[in-house]
Every structure is written in C-alpha cells, then in structure tokens.
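Asker: Sequence below, structure please.
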Amino acid sequence: MKDYLLISNTKDNKLKGKLLDLISFKIEKSIDESIFYKELSPGKAYEWELTPKRCNKKLKNLTSHLKKNYNLDCNFIKSTARRRKKLLIADMDSTIIKEESLDELAKLIGKEKEVSFITNEAMNGRIEFKEALIKRVALLKGSSSSILETLKNSININNGAKELIKTMNMNGSVTVLVSGGFTFLTEYLKEILGFKYTHANSIQIIQTEFLKSEITGKIEGPILDKEAKLEFLKKYIKKYKLDNDDTICVGDGANDIEMINYAGLGVAYKGKATLNKIADVHFNNTNLLGLLYAQGYADKDIIK
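Answerer: A predicted model of the protein is given here:
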C-alpha cells in the first residue's frame with residue numbers, strides 16, 4: 001500500500017525554485033534515499049510517494065520544521081485501494097463559507113458579542129453544541145426574518161469550494177452539506193455550489209399580527225449536532241453501499257469531531273485544537289482544493 005507526503009500552500013505560491021529543491025533534498029536526506037515528487041499544482045502542492053519504512057522520525061521532524069518556519073501544510077496520507085473518495089460530507093460555517101452564520105445574524109441585530117462568545121466556547125468544546133445553539137438562537141427572538149435574506153447576500157464562499165464540489169460530482173461522488181446552522185443557508189449553497197444533499201436545523205419563523213415575518217428564537221424539530229452528523233455519514237455509506245475508505249469529511253470545530261473521526265479521511269480545515277487532535281489531515285495554509293490534492297487530483301483534473 002502506498003502512502004504519500006503532501007506539502008501544500010495555496011496562499012503564497014512559494015513552493016518552487018530554491019525552496020522546492022531544498023525541501024526535496026531534505027526529504028531525501030531524511031529517508032536516505034532518492035525519491036521523486038509529483039507536481040499537483042505549480043508552486044502550491046506536491047506529493048512524495050512513500051513506503052511505510054520511509055515515514056521515520058527524521059522525516060516527521062522535518063515536516064514539523066516546515067510547518068512552523070515556512071507556513072506549509074505537511075500531511076502524511078495513507079492511501080487505500082480507493083484514494084479518490086465516493087462520498088464527501090462537509091460542514092458549512094467556517095468551512096464551506098468563511099463566516100459563522102449565527103455570528104453574522106447577531107451582527108445584523110447588534111448582539112455580536114453575546115453570540116460570538118457562545119460560538120467560540122462551543123467550537124472549542126467547552127460547552128455542548130445543543131446548549132450553545134439554543135442560547136444563541138434565543139437572542140434572535142423578535143428579529144425580522146429579512147435578516148436571513150440579508151445574510152445570504154453577504155456570505156463569502158471559501159476558495160476552492162466550488163471546484164471541490166464540482167470536481168467530486170463530475171467524478172461520480174456524492175456530495176453532502178451537513179450543518180449545525182440553518183436550512184435557509186444550506187439550501188442556498190446547494191443551489192449555487194451543487195451539493196447533492198443538505199441537512200441543517202430549521203429556525204422557527206411566525207407571521208405577526210402586522211403580517212410581518214419574525215424569528216421566534218426557537219428551533220423547529222430535533223437539533224442537528226455532532227451525533228447527527230455522524231448518523232448522516234453512516235446513512236449515506238449504507239445508502240450507496242460504501243465503506244469508510246470511500247469517505248472524506250471536512251470541518252473546523254468540535255461539532256465535526258465524530259464524523260471526521262469515523263471517516264476514511266478526516267480533514268480539519270483551519271481547525272480548532274479539539275478537532276486537530278483527531279483529524280488525519282490539517283489545512284491551515286491551503287484552501288479547499290487541498291481536499292482534492294489529498295485524493296491525488298492535480299490541477300489538470302480539477303473542474304472549474
């Protein structure tokens with residue numbers, strides 16, 4: 001079975017020339033063997049094919065040095081018979097989009113500090129997601145539902161998201177957006193990005209006596225949390241007759257831990273410390289195209 005060392009940085013386009021030569025030399029010196037690299041994206045992503053014996057302490061120390069001193073993402077990827085995954089499950093907030101959607105809604109009504117504090121506590125695993133969600137949504141009580149439309153028009157989709165979804169869809173994969181956020185936004189993202197399925201929470205809205213739509217501060221139905229995300233992963237594995245090796249999951253916080261721990265390839269995208277402890281792959285300097293590079297896709301394979 002082949003393993004790979006993926007080194008990437010899509011921000012600075014600096015993996016070239018002398019730096020690339022130096023890295024390649026240092027890798028060969030660490031494993032005491034000549035080894036060729038494959039270019040996945042010029043100046044941005046390269047992989048080295050490894051045997052288990054090559055993943056030694058010297059090489060791991062080298063990658064730690066590269067991460068710390070060159071702002072490079074260095075990931076050891078264990079390949080399986082199906083390196084290109086057949087099921088992607090992605091988190092939404094701070095993963096597919098740059099924002100935390102509830103925090104952004106709170107900004108629109110002047111309650112940013114209260115909500116963002118609770119969000120941060122939940123993302124780092126210091127309070128349970130359900131409790132945090134109930135408290136944050138309660139702060140929206142009485143707000144006009146027009147803020148939901150305002151948010152849709154102001155969110156920023158993270159770089160590489162469109163290409164990630166389109167490329168995996170075109171290669172026969174099932175793409176699913178599973179969020180502890182809300183359906184008004186996941187359905188919008190499904191439409192513009194092409195996710196096959198979406199799952200999220202529903203925010204309760206009522207018509208007032210003045211025929212205005214108003215947020216009640218409550219959530220309709222069961223709350224979608226980290227256990228629910230895991231259950232959706234298992235559901236789609238069963239539905240499409242897959243196994244764990246066929247799956248890749250990506251997220252950034254504590255609410256993503258269960259699905260990322262269970263997935264064949266679990267990715268932390270600018271992850272919080274609690275998630276980074278269990279993720280297989282970490283991207284801090286690489287956009288969402290990193291998920292394609294981790295599966296062996298090169299730029300020539302990516303659909304824009």
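Asker: ok, residues contacting stretch 245-253?
Answerer: 80-82, 85-91, 93-95, 122-125, 233, 237, 256, 259-260, 262-272, 274-275, 288, 291, 294-295 (C-beta atoms under 8 Å, 6 or more residues apart in numbering). Where C-beta positions appear, they are placed from N, C-alpha and C, glycine not excepted.
Asker: And stretch 267-278, by the same measure?
Answerer: With C-beta under 8 Å, 6+ apart, stretch 267-278 has contacts from 94-95, 123-125, 158, 248-254, 256-257, 260-261, 266, 279-284, 288, 290-291, 294.
Asker: So which of the contacts of stretch 245-253 belong to strands?
Answerer: When DSSP state E defines the strands, the subset of the contacts of stretch 245-253 inside them is 87-90, 265-269.
Asker: who's in contact with the helix or strand harbouring Leu66?
Answerer: Secondary structure from DSSP states H and E places Leu66 in helix 57-70. The contact list for helix 57-70, computed with C-beta under 8 Å, 6+ apart, reads 5, 7, 9, 14, 19, 23, 26-27, 30-31, 72-74, 76.
Asker: list the buried ones in it?
Answerer: 59, 62-63, 66-67, 70 (16 or more other C-beta atoms under 10 Å).
Asker: now those in TSV, with pLDDT and distance to Ser173?
Answerer: TSV is the format used below for those (pLDDT from 0 to 100; distance: C-beta to C-beta, whole Å):
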residue	pLDDT	distance to Ser173
Leu59	92	31
Leu62	95	33
Thr63	96	28
Leu66	96	30
Lys67	95	29
Tyr70	95	32
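Asker: State the distance from Ile278 to Ile260.
Answerer: 7 Å (C-beta to C-beta, to the nearest Å).
Asker: hey, what's in contact with both of those two?
Answerer: Gly266.
Asker: So for these two, which sits in the more crowded spot?
Answerer: Ile260 (28 against 14; other C-beta atoms under 10 Å).
Asker: Of the contacts of stretch 245-253, keep whichever come out buried.
Answerer: 85-91, 93-95, 122-123, 125, 233, 237, 256, 259-260, 262-272, 274-275, 288, 291, 294-295.
Asker: all helices of the chain, in order?
Answerer: Under the criterion DSSP state H, the chain contains helices at 17-31, 57-70, 101-108, 112-123, 129-138, 146-152, 161-170, 183-193, 226-239, 257-262, 273-276, 290-294.
Asker: weakest of those by average pLDDT?
Answerer: Ranked by mean pLDDT, those bottom out at helix 112-123, with a mean of 89.
Asker: So what touches that helix?
Answerer: 94, 100, 102-103, 105-106, 127-129, 132-133, 135-136, 139, 252-255, 272.
Asker: can you dump the C-alpha coordinates of it into PDB?
Answerer: Only the C-alpha atoms of helix 112-123 are listed here, as PDB (Å, rounded to 0.1, in the frame of the first residue of the first chain):
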ATOM      1  CA  GLU A 112     -22.500  40.100  18.000                       C
ATOM      2  CA  LYS A 113     -20.500  40.000  21.300                       C
ATOM      3  CA  GLU A 114     -23.000  37.800  23.100                       C
ATOM      4  CA  VAL A 115     -23.400  35.300  20.300                       C
ATOM      5  CA  SER A 116     -19.800  35.100  19.200                       C
ATOM      6  CA  PHE A 117     -18.600  34.300  22.800                       C
ATOM      7  CA  ILE A 118     -21.000  31.400  23.000                       C
ATOM      8  CA  THR A 119     -19.900  30.300  19.500                       C
ATOM      9  CA  ASN A 120     -16.300  30.200  20.500                       C
ATOM     10  CA  GLU A 121     -17.000  28.200  23.600                       C
ATOM     11  CA  ALA A 122     -18.900  25.600  21.600                       C
ATOM     12  CA  MET A 123     -16.300  25.400  18.700                       C
END
